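Participant: sequence plus predicted model, see below.
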Amino acid sequence: MEKNGQSSYFEPFYAVYGGKVKNAVKMSVFGALAFLGAGLLLTGCNKPELTQANALALIQAKYDQTPPVGANIAVDDLGMRQGVTAKYWNRTTVYPNRFWADFTLTPEGKKAFKLQKGGDVIQWRPENADDKGYSIVVVTVAANHLKARDIKNIQDEAGGKGADFTESIVWDGVPGPLQDIAHNPGNKLSAKRHAEFVLDGGAWKLQAIN
């Protein structure tokens, strides 16, 4: 187009604004992709919650999958006297020093426990007449799974989470007199443990018990 002898050139509308529109579209696409990527990143960071109930269930499931075992019971001087009263054993031999003796298990005793060292004779061998710390160990015939309880302190750890809990012996099927002996000093009826958990396929899994 010419005006007053001068040439005046106007760019088409699409030429002027087309680049700007394309750039705006590109920016919108990049922004949407960035937002989507940020959303996926945040989603990946949101681990499922490990509740006390879930953690306890995972630990107990592990115990329930483990073959049940008898409980070890330390029998001290008081326990030996309780065992005589319960008719679990009878004294069959007394040695010259008067504090060594042999006790033979009765049929009632054999139904309730077995000796850790085997056989059916308790060889009672304290160091002296005043040795109250001496004991022997019996193992209950009744076998049970351990019990997990009192879980607490669930916290983040390297690679997953950790929690403290109490591991307890279960006394189902164990006669009352033998349970009484088990509650004497020197026996450990429960223990403090620590469990480690890891994510596996988006769900928490028990990794180890320490």
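Facilitator: Cool, got the structure.

Participant: I'd like to know how far the residue nearest to residue 162 when sequence neighbours are not counted sits from residue 63.
Facilitator: Leaving aside its sequence neighbours, residue 162 sits nearest to residue 196 (CB to CB, 6 or more residues apart in numbering; 5.3 Å). Just so you know, the C-beta spots here come from the backbone N, C-alpha and C atoms, and that holds for glycine as well. In this view, residue 196 and residue 63 are 15 Å apart by CB to CB, to the nearest Å.

Participant: average pLDDT for the host helix or strand of residue 53?
Facilitator: In this structure, residue 53 is located in helix 52-65 according to DSSP states H and E. For helix 52-65, mean pLDDT is 98.

Participant: in this protein, what residue spans correspond to helices?
Facilitator: Along the chain, counting by DSSP state H, helices occupy 13-45, 52-65, 77-85, 107-112, 176-182.

Participant: skipping adjacent residues, who's closest to residue 124 in space?
Facilitator: Nearest non-adjacent residue to residue 124 (CB to CB, 6+ apart): residue 101, at 4.8 Å.

Participant: check the one you found and give its pLDDT.
Facilitator: Reported pLDDT for residue 101: 98.

Participant: so who does residue 154 touch?
Facilitator: With CB atoms under 8 Å, 6 or more residues apart in numbering as the criterion, the residues that contact residue 154 are 50-52, 55, 161-163.

Participant: farthest pair in those?
Facilitator: Spatial extent of the contacts of residue 154 (CB to CB) is set by the pair 51 and 162 at 14.4 Å.

Participant: compare the two (neighbour count), which wins?
Facilitator: Using other CB atoms under 10 Å as the criterion, residue 51 and residue 162 rank with residue 162 on top: 20 against 12.

Participant: what sits against that one?
Facilitator: So residue 162 contacts 153-155, 194-197 (CB under 8 Å, 6+ apart).

Participant: any idea how this structure splits into domains?
Facilitator: 2-45, 52-209 (automatic domain parsing).

Participant: point out the most buried one among the ones you listed.
Facilitator: Among the domains of the chain, the stretch with the highest mean neighbour count (mean count of other CB atoms under 10 Å) is domain 52-209, at a mean of 15.

Participant: that one: end-to-end distance?
Facilitator: Domain 52-209 has an end-to-end distance of 16 Å (CA to CA, to the nearest Å).

Participant: for stretch 172-189, same thing?
Facilitator: 14 Å.
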